[in-house]
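Asks: quick one, fold the following:
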Amino acid sequence: MGARGRLRIYLGVAPGVGKTFAMLEEGHRRAERGTDVVVGLIECHGRKKTEALLEGLEIVPRREITYRDATFTEMDVDAVLARRPEVALVDELAHTNVPGCRHEKRWEDVEELLDAGIDVVSTVNIQHLESINDVVERITGVQQRETLPDEAARRADQIQLVDMTPEALRRRMAHGNVYAPEKVDAALANYFRIGNLTALRELALLWVADRVDEGLARYREEHDITDTWEARERVVVALTGGPEGDTLIRRAARIAARVGKGDLLAVHVSKSDGLTGGSPEALNRQRTLVESLGGSYHQVVGDDVPTALLEFARGVNATQVVLGTSRRRGWQWMLGPGVGQTVTRESGDIDVHIVTHEQAGKGRGLAKAAGSALSVRRVTTGWVLAVLGPPLLAAVLSRFRHQIVLTSDLLLFLALAIGVALAGGLWPAIAAAIAGFLLLNWFFTPPLHTFTVAQPQNTFALLVFVALAVAVSSVVDLAARRTNQASRSNAESETLSLLATSVLRGENALPALLERVRETFGVTSVALLEHADGDWVTMATTGPDAAARPDDADVQAAVSDTYVLALRGRVLAAADRRVLSAFASQAAAALEWRRLAQEAKQARRLAEGNKIRTALLAAVSHDLRTPLSSIKASVSSLRQQDIRWDPADEAELLATIEESADRLDGLVANLLDMSRLQTGVVTPLSRQVTLEEVVPAALVGVPVGRIEVDVPETLASVAADPGLLERALANVVENAVRYSTGRVLITGSELRFGRGPDRVELRVADHGPGVPDHDKDQIFEPFQRLGDVPKGTGVGLGLAVARGFVEAMGGNLQAEDTPGGGLTMVFSLPMAKDVENT
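Replies: Take a look at the predicted model:
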């Protein structure tokens, strides 16, 4: 298979900024350089300057698709593949294809072209990106139904921002270069307000800046660049889990705000053995504070705190580090430089802020986790004491040989052995005990300066000394190890508690879980792999260059028989694998939760289906039998040979057959529509629709004189599927005519809001018996009819189908009282904005 094609996206900050124009200019430039360029699909929207740029470019004919008695055109993917150009120009990447196409979305068509080795140049507006869709709706009041997954945009090899100031775009619109003249005023007063355009522009700039930042981080990693590049201000605040953390976070947030929306990152360094050394409660509280200020919380692993902190800061390309003034007491400075001094000395081009606080100089005040009982530093200290301590003690005691008896000498050497055990563990203490035994024998046991012992009790005393020294040293070393194990167990529980909190806080458990694994163990990447059909499938990943197979990982942990956690970056110690197994169990729980959620959703759907089927059987037993019985009776009467019907009676019987057949047809149609709604297969094909073309079609078959229509010709268009809207309106009108004692009035009006979405209301008012308030919602349930409605008038689906269709189009249908008595059904539909497909 050949190399995958390259994707270039022109990202517009708003409709009309010229992204399609820029794409066509790119196509001409490439064609002039000798590249084979074709137009896969371009939407000109009637803009003459855009249409003019199509001249000179080969256009692949579109594919025609018939859907609901209407003909639509889409990109002919097979024709483009058969043509095999070097570059294809494909407009509107977020577009939803007409049902019947191979793919649901146009970006999936583009993926197929890229897989075939064809380069693609495409366009999309910022409001169509999935991650900011809700933000755009809150700002503009317009819901974008056509969205593009961010991951599909991130995979682009190049993203070109097409920018324009709000004032310039509004001038372009006023000159008629974007929309037709009759739509300009409405567009400028609604979607294209200065505030909306400014907000969209900022969203686009920030999104592109994030992509640029990702590219910069990838480049720095590929080229092993560790120096800080001040492309964007990033402030890292170091947290110990102490009470001063809140002060440091707020100071760092102010620094980040002063430099112009700099990034705020809080980091806590824990020991490689899993010990945090800080209060879990304080860290959880500070994590919440950081996130409330718009920052992010991280936890890294490292025995050397300054080194780990600086490695993290350089890894995120930080420009400033905020530390608290040391909490060491005065005498503790004798132990060496603190974290703040070390970080300041080794920070290089990273600015370091040392912030004072109330806890400065008061001591750590925290339960310090015990280090390893056999750490390199402790063992080294123990061996130094074991080598130098006994000779020095012997030299001192030799000066007082005549004043101190042998028993005191033994106790002092025993104290020295215990001290060595506390400092360096068992083996240095044993060496000190043996050295003490030899020195006591040589210098202090008669006869002196010989290893011969004259008195048996002295021999016994020396042996007891060695035994006690070894025994006490063993107990001291064992106690230190037990303390370390208890501290480690406590730290592991804190880590798992933080894991559970992190996972439960998010909506998507697996990504949060994998990120927590990566941060806790300090690895480069983590992948969750599934073994299916003899191969490995990646279910979720975090971090760069994740393993695609367990054999590619440095560490792997089985989640279940088919799932494996694969870690890359370093090999874990045996003690860490126990905690990793807990993470694996949590991953299994997350997968099980996902499976149960899917099964529960399916069970609810089946239960709803069973409820529908039960009600359907009850309805069929009478409501469908009635028209069938009328048809059969009338047909049987007409076929009787012994009776001659006069023309009037024959016409009455035929009318009965026709009326019953129409009723049966309506019942069956409603049953089919409700089935489609319940199974979720209703896909509205929304477009700009005027009520003038929908209302007359919905009134076909209604008796003349029963309806009065008052819908202004100047009423704004709505965004709806005309077929579904016509069907919904017909059901509501039929219901109103059936129960109204007078004329049914249909009116239309516009509702315009300052920030919310503008709507069009269509009201169908009757003067029938009305519906009590407590039953107004119940009448929209399937197979629901009020108690005073006689049998044989339907299965109670008309209003349920109408509401289902309206809600599928983004509107709603409500029931209100008619002034003077009766019921008014209110359709509220989104006003067409002409921006959803631009």
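
Asks: for residue 802, what are its contacts?
Replies: Neighbouring residues of residue 802 by CB atoms under 8 Å, 6 or more residues apart in numbering: 727-729, 731-732, 813, 825. All C-beta spots, glycine's among them, are computed from the backbone N, C-alpha and C.

Asks: of those, which belong to helices?
Replies: Of the contacts of residue 802, the ones assigned to helices by DSSP state H are 727-729, 731-732.

Asks: which one (most neighbours) among the residues you listed?
Replies: residue 728 (31 neighbours; other CB atoms under 10 Å).

Asks: from the ones in helices among the contacts of residue 802, which has minimum pLDDT?
Replies: Least confident entry in these, by pLDDT: residue 727, with 82.

Asks: not counting its neighbours along the chain, what's nearest that one?
Replies: Nearest residue to residue 727 in three dimensions, chain neighbours excluded: residue 805, at 6.1 Å (CB to CB, 6 or more residues apart in numbering).

Asks: the one you found and residue 816: what is the separation?
Replies: Residue 805 sits 19 Å away from residue 816, going by CB to CB, to the nearest Å.

Asks: what about these two, which has more around it?
Replies: Set residue 805 next to residue 816 and count neighbours by other CB under 10 Å: residue 805 wins out with 26 against 15.

Asks: wait, the more buried one sits on residue 723?
Replies: No. Contact criterion CB atoms under 8 Å: residue 805 and residue 723 do not qualify, at 9.1 Å.

Asks: look up how far residue 206 lies from the residue lying closest to residue 351 once chain neighbours are set aside.
Replies: Of all residues not flanking residue 351 in the chain, residue 320 sits nearest, at 4.6 Å (CB to CB, 6+ apart). Noted for residue 320: a distance of 21 Å to residue 206, by CB to CB.

Asks: who has more neighbours, these two?
Replies: Neighbours per residue (other CB under 10 Å) separate residue 320 from residue 206, with residue 320 holding more: 22 against 13.

Asks: what sits against the residue nearest to residue 351?
Replies: 233-236, 255, 350-353.

Asks: of the residues you listed, just the buried ones, PyMOL syntax please.
Replies: Per 16 or more other CB atoms under 10 Å, the buried members of the contacts of residue 320 correspond to this PyMOL selection:
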select buried, resi 233+234+235+236+255+350+351+352+353
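
Asks: ok, the contacts of residue 320 vs residue 414, which is closest?
Replies: residue 352 (48.4 Å; CB to CB).

Asks: beta-bridge partners for that closest one, please?
Replies: residue 321 (DSSP bridges).

Asks: right, and it touches residue 324 too?
Replies: No. Applying CB under 8 Å, one finds residue 352 not in contact with residue 324, separated by 11.7 Å.

Asks: joint contacts of those two?
Replies: The contact sets of residue 352 and residue 324 overlap at residue 340 (CB under 8 Å, 6+ apart).

Asks: which parts of the host helix or strand of residue 219 are buried?
Replies: Assigned by DSSP states H and E, residue 219 belongs to helix 194-222. The neighbour-count criterion (16+ other CB under 10 Å) identifies 196-201, 203-204, 207-208, 211, 217, 220 as the buried residues of helix 194-222.

Asks: now do stretch 546-556
Replies: 546-548, 550, 553, 555-556.

Asks: just flag the most distant two among those.
Replies: 548 and 555 (15.3 Å).

Asks: quick one, what contacts residue 56?
Replies: 28, 31.

Asks: let me know the secondary structure of it.
Replies: coil (DSSP: H, G, I helix; E, B strand; the rest coil).

Asks: closest one to residue 698 out of the contacts of residue 802, please.
Replies: Of all the contacts of residue 802, residue 698 sits closest to residue 729, with 4.0 Å by CB to CB.

Asks: please name the nearest non-neighbouring residue to residue 9.
Replies: Nearest non-adjacent residue to residue 9 (CB to CB, 6+ apart): residue 156, at 4.6 Å.

Asks: now do stretch 290-302: everything it contacts.
Replies: Stretch 290-302 is contacted from outside by 237, 249-250, 252-253, 256, 263-272, 276, 286-287, 308-309, 311-312, 498, 519-522, using CB under 8 Å, 6+ apart.

Asks: buried members of the residues you listed into PyMOL, please.
Replies: To isolate in PyMOL the members of those that are buried, counting by 16+ other CB under 10 Å, one can use:
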select buried, resi 237+249+252+253+256+263+264+265+266+267+268+269+270+271+272+276+286+287+308+309+312+498+519+520+521+522
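
Asks: so of the contacts of stretch 290-302, which ones are in helices?
Replies: 249-250, 252-253, 256, 286-287, 308-309, 311-312, 498, 519-521.

Asks: quick check: the farthest pair among those?
Replies: Applying CB to CB across the ones in helices among the contacts of stretch 290-302, the maximum distance is between 250 and 521, 30.4 Å.

Asks: the residue nearest to residue 12 when sequence neighbours are not counted: what's it in contact with?
Replies: Counting by CB to CB, 6+ apart, residue 12 lies nearest to residue 19, which is 3.9 Å off, once chain neighbours are set aside. Residues near residue 19 by CB under 8 Å, 6+ apart: 10-12, 123-125, 162.

Asks: ok, 7 Å please
Replies: Residue 19 makes contacts with 10, 12, 123, 162, as judged by CB atoms under 7 Å, 6 or more residues apart in numbering.

Asks: please apply the same query to residue 249.
Replies: Contacts of residue 249 by CB under 7 Å, 6+ apart are 237, 266, 286, 289-290, 293.

Asks: do the same with residue 343
Replies: So residue 343 contacts 306, 309-310, 321, 323, 352 (CB under 7 Å, 6+ apart).

Asks: again, only this time at 10 Å
Replies: 238, 305-307, 309-310, 313, 321, 323, 337, 350, 352, 354 (CB atoms under 10 Å, 6 or more residues apart in numbering).

Asks: residue 827 too?
Replies: Taking CB under 10 Å, 6+ apart, one finds 691, 718, 720, 725, 728-729, 732, 746, 748, 759-764, 802-803, 806, 809, 811-814 in contact with residue 827.

Asks: in a helix, residue 124, correct?
Replies: No. Going by three-state DSSP, the assignment for residue 124 is strand, not a helix.

Asks: roughly how far does it sit from residue 114?
Replies: 15 Å.

Asks: same drill for those two, tell me which one is more crowded.
Replies: Neighbour count, other CB under 10 Å: between residue 124 and residue 114, residue 124 has more, with 26 against 19.
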